[in-house]
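[1] below are the sequence and a predicted model for it; my questions follow.
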Amino acid sequence: DQQVKQNSPSLSVQEGRISILNCDYTNSMFDYFLWYKKYPAEGPTFLISISSIKDKNEDGRFTVFLNKSAKHLSLHIVPSQPGDSAVYFCAATEIYNQGGKLIFGQGTELSVKP
Amino acid sequence: DTAVSQTPKYLVTQMGNDKSIKCEQNLGHDTMYWYKQDSKKFLKIMFSYNNKELIINETVPNRFSPKSPDKAHLNLHINSLELGDSAVYFCASSRTGIPPQHFGDGTRLSIL
């Protein structure tokens, strides 16, 4: 019973173009969403988050969009750089109800080609 | 000045052995977690502690026992290791259970 899904295991993008990573969730009680980036042999690093009271959050080249009615979020990276090549995980939680428990998707491997 | 550090990074051992993984954070957080990433790359929570008190205990075999001597440390002890325990184990911490969580670099456990 996978509550958070990333249906694309991999994505390849040209340097300078936009990368769009997608994530779907099933639990309507989730009210906080995060994106993590992971390099091989390292732990996940927090990238950006969004509360369910917003539909967009931007931080530099990274923007997260939330569509609550569709239970869908996406991460946009513009412009993409080779250093962005990594596995990206989305995660969701009920921020005050679950003791900090994050439910993760299975990740999307982004490859940015020069 | 690593924020969340785990030791060892790699652990290779035989079935039936008992092993421990240590985790320390210097972020001043009061909540710490253990996650398991299996061969299918899913990251799943196992335990969380807040100020040395167990908060989350997912359906994990009781061969796994977390121990929190203080709020900066959360160790994971595993008894009678089985082949299915092979995975990468990540420690994480956060402030009062509020995201984001900060992760260590993981411990890759391989059971022979």
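    Nice, thanks for sending it over.

[2] the residue nearest in space to the middle of chain B: which element?
    Nearest to the mean C-alpha position of chain B, counting by Cα atoms, centre = their mean, stands residue B:34 at 3.3 Å. In the assignment (DSSP states H and E), residue B:34 maps to strand B:31-37.

[3] and that strand, how far from the chain's centre?
    The chain centre lies 5 Å from the centre of strand B:31-37; the measure is Cα atoms, centre = their mean, to the nearest Å.

[4] and it, what does it pack against?
    For strand B:31-37, the helices and strands in contact under the criterion 3 or more Cβ pairs under 8 Å, 6 or more residues apart in numbering or on different chains; DSSP states H and E are strand B:19-25, strand B:43-50, strand B:73-78, strand B:87-95. Just so you know, the C-beta spots here come from the backbone N, C-alpha and C atoms, and that holds for glycine as well.

[5] how about a cut-off of 7 Å?
    With contacts defined as 3 or more Cβ pairs under 7 Å, 6 or more residues apart in numbering or on different chains; DSSP states H and E, the secondary structure elements packing on strand B:31-37 are strand B:43-50, strand B:73-78, strand B:87-95.

[6] follow-up on the earlier one: partner residues bridging the residue nearest to the centre of chain B?
    On the basis of DSSP bridges, residue B:34 is bridged to residue B:47, residue B:91.

[7] next one, pLDDT for residue B:2 please.
    At residue B:2 the predicted local distance difference test score is 69.

[8] identify whichever of the helices and strands packed on strand B:31-37 lies nearest to residue A:32.
    Distances from residue A:32 to each of these were compared using Cβ to Cβ; the minimum, 11.9 Å, belongs to strand B:87-95.

[9] name the nearest residue to residue A:18, sequence neighbours excluded.
    Residue nearest to residue A:18 in three dimensions, not counting chain neighbours: residue A:78, with 4.7 Å by Cβ to Cβ, 6 or more residues apart in numbering or on different chains.

[10] buried residues in the lowest-mean-pLDDT helix or strand in chain B?
    Within chain B, judged by mean pLDDT, DSSP states H and E, the helix or strand with the poorest mean is strand B:53-57; its value is a mean of 87. Burial within strand B:53-57, assessed by neighbour count using 16 or more other Cβ atoms under 10 Å in any protein chain shown, is assigned to B:55-56.

[11] given that strand, what are its sheet partners and their directions?
    Based on DSSP bridges, the strands next to strand B:53-57 in the sheet, each with its direction, are strand B:43-50 (antiparallel).
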